[in-house]
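[1] sequence and predicted structure are below.
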Amino acid sequence: MAQTAGIGTDANRIREAAAYIAGKAEGLKPQIGLILGSGLGVLANLIEDPIVLDYGDIPHFPVSTVEGHAGELVLGSVKGKPVVMMKGRFHGYEGYGPETVSFPVRVMKELGVTTLIVTNAAGGINEHFQVGDLMVISDHINFTGRNPLIGPNDNALGVRFPDMSEAYSKRLRRIAHQVAERQGLKLQEGVYLGLLGPTYETPAEIRMMRILGGDAVGMSTVPEVIVARHAGIEVLGFSCISNMAAGMLDQPLSHAEVMETTERVKPKFLQLVLGIIEELQ
């Protein structure tokens, strides 16, 4: 029995979603895509002349169910650059498969996006990090046990075996560091380890992740980045270190702490992203 494409790789569904968005975009053709993590949706406030679409109105789009994820697609301009922004993302722990979580990236590619900026709130594993640090992601470890490219491959979307040796663009990371330096902002760099969730990690798991080379841990980002690279989109990623991971400090973890930290760091984060977008060609 022949397998059929899932939602994330169904070319017709991708085109239908993109056509709906383009029909509402008033001629705007986004070049930069942004996916915003917990508490970081405030970046949407930077968009000039915003066009706001509810996820529930976009054909084949899933719906976000997590506090801090608004569930809106916002189109407009930032620093004169046309952008499309996901204000809230989807996660495997909500019950979505990785191809569904990453479906919006396929739609962004269809709309014309060539650069993707992804952000997340993450737990700090690196002992030299502090709560409130911003980390540019140099690489990731996929510990979700899932991959959005499993199944039949559509060569029109990307190659069967995509190279991941530079999942996060060296060029874009260099720009990020240059902008941060000009702004007097200390920017960490490290490896993001992606888990399925929704439980926070145990102290024993965190010790293992540190040995494996993780600097920050979270429950998102990896599926979207894999699909972006499959589609030939250049990626820049950031983690807001919203809490120290389990066992690092003698205290329990909570989503409330995540939201509180992202609220505190958002001014410097906004300035950094604005400065980077201004530099993009």
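    Okay, I see it.
[2] where are the low-confidence patches of the stretch 51-200 of the chain?
    For the stretch 51-200 of the chain, the stretches with pLDDT under 70 are 65-70.
[3] all strands in it, in order from the N-terminus.
    Along the stretch 51-200 of the chain, the stretches classed as strands by DSSP state E, counting those that start in this stretch are 72-78, 81-87, 115-124, 134-142, 187-194.
[4] ranking those strands by burial, who's on top?
    strand 115-124 (a mean of 26; mean count of other C-beta atoms under 10 Å). For every residue, glycine as well, the C-beta is placed using N, CA and C.
[5] residues near S169, how many?
    Look at S169: counted by other C-beta atoms under 10 Å, it has 18 neighbours.
[6] in TSV: the strands of the stretch 51-200 of the chain, plus distance to I32.
    Formatted as TSV, the strands of the stretch 51-200 of the chain follow (distance: least, C-beta to C-beta, whole Å):
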stretch	distance to I32
strand 72-78	8
strand 81-87	5
strand 115-124	5
strand 134-142	17
strand 187-194	20
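[7] so V131 makes contact with C240?
    No - between V131 and C240 there is no contact, the gap being 9.5 Å when judged by C-beta atoms under 8 Å.
[8] where do the contact lists of those two overlap?
    Shared contacts of V131 and C240, defined by C-beta atoms under 8 Å, 6 or more residues apart in numbering, comprise T261.
[9] N243 reaches T261, doesn't it?
    Yes - counting by C-beta under 8 Å, N243 does reach T261; the two are 6.6 Å apart.
[10] the two - which one has more neighbours?
    More neighbours surround N243 than the other of N243 and T261, with 23 against 20 (other C-beta under 10 Å).
[11] how near is the more buried one to R207?
    N243 sits 17 Å away from R207, going by C-beta to C-beta, to the nearest Å.
[12] and G33, by the same measure?
    Computed with C-beta to C-beta, the distance linking G33 and R207 is 35 Å.
[13] quick one: which of the two has more around it?
    Set G33 next to R207 and count neighbours by other C-beta under 10 Å: G33 wins out with 26 against 15.
[14] quick check: that one touching S102?
    No - using C-beta under 8 Å, G33 is not in contact with S102; the gap is 12.0 Å.
[15] re earlier: quick one, which of V131 and C240 is more surrounded?
    Using other C-beta under 10 Å as the criterion, V131 and C240 rank with C240 on top: 27 against 18.
[16] partner strands of the helix or strand the more buried one falls within, with direction?
    Element membership of C240 [criterion: DSSP states H and E] is strand 234-244. With DSSP bridges as the test, strand 234-244 is paired with strand 115-124 (parallel), strand 134-142 (antiparallel).
[17] make CSV from the ones you listed and add distance to K266 to it.
    What follows is the strands paired with strand 234-244, written out as CSV (distance: least, C-beta to C-beta, whole Å):
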stretch, distance to K266
strand 115-124, 11
strand 134-142, 11
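[18] tell me which of these lies nearest to V265.
    When those are compared by C-beta to C-beta, strand 134-142 sits nearest V265, at 6.8 Å.
[19] dump that closest one to CSV, keeping only the CA atoms.
    C-alpha atoms of strand 134-142 as CSV (Å, rounded to 0.1, in the frame of the first residue of the first chain):
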residue,chain,number,x,y,z
LEU,A,134,20.4,35.6,25.3
MET,A,135,22.1,32.7,23.4
VAL,A,136,22.6,32.6,19.7
ILE,A,137,22.2,28.9,18.7
SER,A,138,25.3,27.5,17.0
ASP,A,139,23.8,24.0,16.6
HIS,A,140,21.2,21.6,18.0
ILE,A,141,20.8,18.1,19.2
ASN,A,142,17.5,16.5,18.2
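[20] angle of it against strand 187-194?
    Relative orientation of strand 134-142 and strand 187-194, computed by axes from the mean of the first three to the mean of the last three C-alpha atoms, to 10 degrees: 30 degrees.
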